[in-house]
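Q: pasting a predicted model and its sequence here:
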Amino acid sequence: MIDTIQNTFSTQLSNTSLKFKRYMHNSLDMDDKLIGIIGHRGVGKTTFILQYLKTLDLDFEKKLYFSVDHFYATSYSIYEIAQEFYKRGGKVLAIDEIHSYPDFEKHLKLIYDYLDLKVFFSGSSAIKLEHSKADLSRRAIIYKIQGLSFREFLELKLNKSFDSFTLNDILTNHIEIAYN
């Protein structure tokens, strides 16, 4: 089971580009043991997680990514996959599209309580994930990813990098910012 998942993960990782990274690469605290990434479809949750795993300084066998909506996830429970990965020396587990798995909160609690794994999970069904926040509140840090900003769109389209400014920066330094 884990070998099949790792083969799929290896292919996905090799196809993951680090050329463009969204704003959250510099703003999210990735030190917690259980981290949820939520947001609308297509905002870059999967890409973010794969980019993070690709840049993580760990041997390939110590990190694993799988999507719950893939066929192998229907044959085994999330906890069973996590447990087998942990037994093999795994350290970082990423679970995508978790909202489509029934009672995923219970599996995440079990993983958190009994396995020494760092876990990332993502999903786009805000209702299910927002509801689960209460169940996971003492355990999980949940980040909501926003859609592509205009600055990010320009960076992606023009292959250039632009500074990011807060509203306060723009209001107080707009002349200097515009000049630069």
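A: Ah, there it is. Numbers count the residues shown, from 1 in each chain.

Q: excluding covalently adjacent residues, which one is nearest to Asp116?
A: Nearest residue to Asp116, sequence neighbours excluded (C-beta to C-beta, 6 or more residues apart in numbering): Tyr86, at 7.1 Å. Every C-beta, even on glycine, is put in place using the N, C-alpha and C of the backbone.

Q: swap in Asp69?
A: Using C-beta to C-beta, 6+ apart and skipping the chain neighbours, the partner closest in space to Asp69 is Glu97 (4.7 Å).

Q: wait, the one you found sits on Ser124?
A: Yes: contact criterion C-beta atoms under 8 Å: Glu97 and Ser124 qualify, at 7.4 Å.

Q: before we move on, what SS does Ala94 have?
A: strand (DSSP: H, G, I helix; E, B strand; the rest coil).

Q: so in terms of bridging, what pairs with it?
A: Tyr65, Phe120 (DSSP bridges).

Q: contacts only, for Ser164.
A: Tyr23, Arg151 (C-beta atoms under 8 Å, 6 or more residues apart in numbering).

Q: oh, I was asking about Gly123
A: Contact analysis of Gly123 by C-beta under 8 Å, 6+ apart lists Gly36, Ile38, Lys45, Asp96, Glu97, Ile98, His99, Ser100, Leu129.

Q: does the first one belong to a helix or a strand, and which?
A: Meaning Gly36. For Gly36, the element it lies in under DSSP states H and E is strand 34-38.

Q: how about that strand: buried residues?
A: Residues Leu34, Ile35, Gly36, Ile37, Ile38 are the ones in strand 34-38 that count as buried (16 or more other C-beta atoms under 10 Å).
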